[in-house]
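[1] Sequence and computational prediction follow.
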Amino acid sequence: MIPIAIFIVGIFAGFLGSMLGVGGGFLIVPLLVLILDIPMHLAVGISLTSVVMTSVSSSIIYAKRGLVDFKLGLFLETATTTGALVGSYVALLLPEFILEIIFGIVLIYASFKMILSKSVTEKKKTLESLSRKRLLLGLGGSFIAGMASGMLGIGGGTLKVPILVLILGIATKTAIATSTFMIGLTASVASLTYQAHGLIDPIQVAFIILGIFIGVFIGSHIAMKIKSLTLKRMFGVILFFFALRMLLKGIGVNI
Amino acid sequence: MKVHDIYSKIMNTLLYISILGVGVGVIVYYVNRIFSEPIIIFALGILTISPFIGMLALGYYYIRKKDYKTILNIIIVMIIALLNLINLWLRK
């Protein structure tokens, strides 16, 4: 029964992850722990490998359609990975709840901005066409996003998409595609560590991987057909719940 | 060949190898659990290192294009990812 349930969680996570450019870790971990009663450390291991799977399979589909901006992704990833490394050390100095409250508030603001937006950028922007000011802001935002993932153990997608859309003004579909490409590398580093330390159950991971494979296929094809504005608002809604959960956790309410 | 084609071709091959491994592992699981685990672990290993191989493929493409700024970004990302890996490894 549990392998089938994990397989279904995989379909759901892959569908949502590929459609919105997120890894889906914030969704997989609570579902596995709260509904399927899987221990937390195993759920995190499953989640990290799942994020790699979502990233790899969706980035292939988006790359085939020419939607991934590799140059921009690699440029921003330099700041994100540096931020993640710095964040893992800063986490030892700063209390986790303060960070959760700060990020919770910032992300709620970003989610409202995305939900209430009336227009989307459809014009294709490249790394070269962006102004120096925007690039610096994007680089700073990516560094902070990386720090957040290093400090709070969260994935990058929920933070990377708003940076690409709201700060750099990238088209929503390109932002989602570029984000799926970027999150793979970050998650694979953490996933490798978990695998090497034997902190994953290969059978459970296998079932979720197969589910994600199907979910990503459906999700990325639907994402192509949905209007960019709808996609942007959908992302805003998911981001709102993610941010609210983070904020509540910061003030001591665990959901 | 465009960068998107090179990336998707290499990643597609790696993805299908790992999916095939995972699929075979799941089938074997119902016959003998002990034999299925090494197959799945091997397939997951390929899947997990595939973003790094993808980066190497991108590096190869941009070297041919002589886009040194992007090559530098790839080198920085790879080095910091490696440092992150060592950092996480030592902490676990």
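    Done, it's in. Numbering: from 1, shown residues only, chains lettered A, B, ... in the order given.
[2] Stretch A:84-104 close to chain B?
    Yes - judged by C-beta under 8 Å from any C-beta of the partner chain, stretch A:84-104 and chain B are in contact via A:84-85, A:88. For every residue, glycine as well, the C-beta is placed using N, CA and C.
[3] Distance from the helix or strand harbouring residue A:230 to the middle of the chain?
    Here residue A:230, judged by DSSP states H and E, is contained in helix A:228-250. The chain centre lies 11 Å from the centre of helix A:228-250; the measure is C-alpha atoms, centre = their mean, to the nearest Å.
[4] PyMOL command for the buried members of the residues of stretch A:84-104 next to chain B?
    Restricted to buried positions by 16 or more other C-beta atoms under 10 Å in any protein chain shown, the PyMOL selection for those reads:
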select buried, chain A and resi 84+85+88
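[5] now, among the residues of stretch A:84-104 next to chain B, which is nearest to residue B:17?
    residue A:84 (28.0 Å; C-beta to C-beta).
[6] ok, now how distant is the closest one from residue A:36?
    From residue A:84 across to residue A:36, the span is 29 Å (C-beta to C-beta, to the nearest Å).
[7] tell me the pLDDT at the residue lying farthest from the centre of chain B?
    Most distant from the centre of chain B: residue B:31, at 28.9 Å, with distances by C-alpha atoms, centre = their mean. The confidence metric pLDDT takes the value 87 at residue B:31.
[8] and what of residue A:151?
    So residue A:151 comes in at 72 (pLDDT).
[9] in chain B, which spans are strands?
    Counting by DSSP state E, one finds no strands in chain B.
[10] pLDDT weak spots in it?
    Scanning chain B with the threshold set as pLDDT under 70 gives B:92.
[11] Sketch out the helices for chain B, chain order is fine.
    B:3-29, B:33-64, B:68-91 (DSSP state H).
[12] What is the burial count for the spatially closest residue to residue A:251 that is not a sequence neighbour?
    Take residue A:251 and drop its neighbours on the chain: the residue closest to it by C-beta to C-beta, 6 or more residues apart in numbering or on different chains is residue A:101, 6.6 Å away. Residues near residue A:101, counting by other C-beta atoms under 10 Å in any protein chain shown, number 17.
[13] Check residue A:48 too.
    That count, for residue A:48 with other C-beta under 10 Å as the rule, works out to 30.
[14] Just give me the residue right at the centre of chain B.
    residue B:50 (0.9 Å).
[15] That one and residue B:17 touch, don't they?
    No - the pair residue B:50 / residue B:17 is not scored as a contact, 9.1 Å apart, by C-beta atoms under 8 Å.
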